[in-house]
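# Pasting the sequence and the predicted model now:
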Amino acid sequence: GEAQRIALLRAMLGQPEVLLLDEPFSALDLETRRSITAQTREWLKHRNTAAIHVTHDPEEAELIADRVVPWATLFDLREEE
């Protein structure tokens, strides 16, 4: 979990316009996950930074996102084109 937190902080230090988060909190215990998720959401909002957040945890997705797009929806959108 500590390595994931350090990697997240390093990515944030670069002040990116878009942050790719691929299961960034998966190795954290529930309490720490909720805390770090809330802090990350605030950081993203404060810096007006977009994020693409990949997770298998629907609760985590709802905590951090303004908008959640399930993976299956992406395939549905492609088929409509």
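That came in fine, so what should we check first?
# hey, where'd the strands end up in the chain?
Using DSSP state E, the strands of the chain run over residues 18-22, 50-54.
# show me where pLDDT drops low in this protein?
Filtered on pLDDT under 70, the chain yields the residue ranges 73-81.
# now for the strands of the chain, which one comes closest to residue 9?
Relative to residue 9, the nearest member of the strands of the chain by CB to CB is strand 18-22, separated by 11.5 Å. All C-beta atoms are positioned from the backbone trio N, CA, C, and that covers glycine.
# list the buried ones in the closest one?
For strand 18-22, the neighbour count (16 or more other CB atoms under 10 Å) marks 19, 21 as buried.
# quick one, it and strand 50-54 angle?
Interaxial angle of strand 18-22 relative to strand 50-54 (axes from the mean of the first three to the mean of the last three CA atoms, to 10 degrees): 10 degrees.
# Go through this protein and flag its longest helix.
When the chain is parsed with DSSP state H, its longest helix is helix 30-46.
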